[in-house]
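1. sequence and predicted model, in that order:
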Amino acid sequence: MLTQLRLIMTMEPDPSRTPHPGSRRCVSTAHRTVLSITVALVVSAIAAGCERPIEGKAGPATQPVARVDVVRPERHTVRRTVSEPAQLQAFETTEMHAKIAGFIKSWNVNIGAIVKKGQVLAELSVPELEAESQQKKAEIEQAISQHKLASAAAEVAQANVTGAEAKLLEVRAGVKRVSADLARWQSEFKRVEELFRARAQTGSLVDETRSKLHSAEAAGEEIAAQVRTAEVTLIQARAAFDQARANVAAAASATEVAREEAHRVEALLAYTKIEAPFDGIVTRRHIDTGQLTKPSADSEPLFVLARSDMLTITTDVPELFAAEVNPGDHVTVELQAMKGNMFEGTITRTAWALDPKTRTLRVEIDLPNPNAKLRPGLYAYATVIAEEHANVLTVPSTAPIREKDKATCVIVVDGKAVRRAVELGLNDGTRTEVVSGLTKDDTVVKANAASLVDGQPLESLPPTPPAKP
C-alpha cells in the first residue's frame, strides 16, 4: 500500500505533451484534487490494517481445543490366535489286503456299511491249504501214538531197573552168608590142623575139613561173580530206562512240532476270512466273487476301512507361532461345509519339528465323533489360541502410541492432554493388554492420540457403550 502511495505522489504530467494555454489551470487543479483523495484513502486503509494483526503474523496464540473419543481401561481376556486351513481325517484308516493267495468265495459288505470289530467282510477259498490242514492233524495223531509207545517202553525199562536192583540186593545178602560160612571153615580148619599136629586128631578129619574150606572159598567166589553180574544187569537196565525216557521226550517234542505245524496252517486258514480290525465304515471296495487275490501290500486293497468314532484335524502352523503352540492349547474349528458350525477342542499332539520345506509345524487335534456327524475329508478352518491372558486390564488397540521401543497413552486430566508411559502386553488386534501405567479410573484417548501434545485442551465426546467381552 505504501508503494502505491509513493507511485501516486510522484506522478507528474507528461512534459512532452503541450496542453492548451487556457486549460493549464484546470488540469493542475484537478490533479491536486485526485491526489488528495487518493492519499486519504491510502491512509485510511493503513489505519484500518493496523487495527488487526496480519494473518500468520499473530502474537502468542492459544492451542486449539481438540474433540476426542475417550474410554476407560476395561478388563478382558486377550488371546493371541493363529488361524490356518485344516482338514478332517479319520483317526484310523486301514487298507485291507489279503495275506494269502486265493479266490474270493464271498464278500459281505459294501461301501458305506457300518461294521464292528471282528466282523467278517469277505472270505477266501484256498483248497490246498485246507488239505494241508487235514494232513497236519493226522500227523498230530501219529505223534501222539508214538509218544504213547515210548511211554510204555519207558515203564518196562523202569520195571527192569527195579528187578535188577532187587536182584543185586539179594546177591549181596548171599555174600554175607557165604563170607560167614567161609570164616567158620577157615577157623575150623585151623583148629583141626593144630589138633592133628598135636596128634589129637586123625589125618582124615583134616582132609575133610580142608575140603569143606575149599568148598566155602568156591562159594565165596561164586557169590562175588553173581554180585558183579547183578551190578552189570542193573547198569544195563538203568541205561535202557534212560533211553526209554529220551524216547518219550523225543515223542513229546514230535507231538509239539506236529501241533505247531497244524497251528501254522490254521493261522494261514484264518487269513481266508477278512475281518474288520476296528469299528468303522467301509469307504472303498475293490473285490468281486471269484477274483484271485495277490498277497502284496502293493496290490489294490480289498477294502478301505475308516474309523468313525474319532476324527483327527490336521493343520500346519507357521514358523512365527510354532514355538508358542503346545499340546493342550485351545482350538476352535469351523466347518464351512456345515453352515459354519463351530467345534471346540484342544491340541492333542504336535510334530515338534518343523517341516524343512514349508517351515510349518504339523498340529493334530483329536475330535470325538460319536454320532458320525463329521466326515473325513471335510475342509475346516482351525483357530489355535497360542497365548491367552484372562481378566487383564486392556485398552483399544488404537489408543497406545508406539515409538520405537516405548509406548505411551494420552489421558485426560482436568480437561488437558497428558502423555503417560505404559507397558503393553498381549494384543489380539482389537484390544491391547496394559501391564502397567494405567488404572481402570483413567480416561484414555481412544484414537489419533499421536497428534496431541501435553497440555492441549481437550473436549471429550460422549462415550460409546463398552463392547461385550
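-> It's in.
2. parallel or antiparallel, list what pairs with whichever strand or helix holds Met342.
-> Using DSSP states H and E, Met342 falls within strand 341-346. Sheet pairing of strand 341-346 (DSSP bridges) gives strand 330-335 (antiparallel).
3. quick one: mean pLDDT over the partner strand.
-> Averaged over strand 330-335, pLDDT sits at 90.
4. which ones are touching the closest residue to Gly429 other than its chain neighbours?
-> Nearest residue to Gly429, sequence neighbours excluded (CB to CB, 6 or more residues apart in numbering): Ser397, at 6.4 Å. In this view, the C-beta of every residue, glycine as well, is placed from N, C-alpha and C. Residues counted as contacts of Ser397 (CB atoms under 8 Å, 6 or more residues apart in numbering) are 427-432.
5. check Glu130 too.
-> Residues in contact with Glu130, defined by CB under 8 Å, 6+ apart, are Leu269.
6. strands - which of the contacts of Ser397 land there?
-> 427, 431-432 (DSSP state E).
7. columns neighbour count and pLDDT on top of these, output as TSV?
-> Converted to TSV, those look like this (neighbours: other CB atoms under 10 Å; pLDDT from 0 to 100):
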residue	neighbour count	pLDDT
Asn427	14	88
Arg431	24	92
Thr432	24	93
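8. which one of those is nearest Thr408?
-> Among those, Thr432 lies closest to Thr408 (CB to CB), at 12.6 Å.
9. redo the contacts of Ser397 as JSON lines? Include distance to Ala386.
-> Formatted as JSON lines, the contacts of Ser397 follow (distance: CB to CB, whole Å):
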{"residue": "Asn427", "distance to Ala386": "12"}
{"residue": "Asp428", "distance to Ala386": "11"}
{"residue": "Gly429", "distance to Ala386": "13"}
{"residue": "Thr430", "distance to Ala386": "16"}
{"residue": "Arg431", "distance to Ala386": "16"}
{"residue": "Thr432", "distance to Ala386": "16"}
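10. let me know the closest of those residues to Lys137.
-> Closest to Lys137, out of all of the contacts of Ser397 and judged by CB to CB, is Asp428, at 73.3 Å.
11. list the contacts of that closest one.
-> Taking CB under 8 Å, 6+ apart as the test, what Asp428 contacts is 78-81, 397.
12. do the same with Met338
-> Leu378.
13. downstream of the lengthiest helix in the chain, the next helix or strand is which one?
-> Looking across the chain with DSSP state H, the single longest helix is helix 127-197. Per DSSP H and E, the first helix or strand lying C-terminal to helix 127-197 is helix 203-270.
14. out of the contacts of Ser397, the closest to Asn371 would be?
-> Using CB to CB, Asp428 comes nearest to Asn371 of the contacts of Ser397, at 33.7 Å.
15. partners of Val418 in the sheet?
-> In beta-bridge terms (that is, DSSP bridges), Val418 pairs with Ile411.
16. can you name the residues that contact it?
-> 410-412, 454-455.
17. give me the neighbour count for Ala240.
-> Neighbours of Ala240 under the rule other CB atoms under 10 Å: 18.
18. got the domain ranges for this structure?
-> 2-50, 67-77+391-460, 101-122+273-304, 128-270, 305-388 (automatic domain parsing).
19. gap between the fourth one and the chain center?
-> With CA atoms, centre = their mean, to the nearest Å as the basis, domain 128-270 stands 71 Å off its chain's centre.
20. quick one: the helix or strand that contains Lys105 to helix 127-197, angle?
-> Per DSSP H and E: Lys105 is located in strand 103-107. Interaxial angle of strand 103-107 relative to helix 127-197 (axes from the mean of the first three to the mean of the last three CA atoms, to 10 degrees): 110 degrees.
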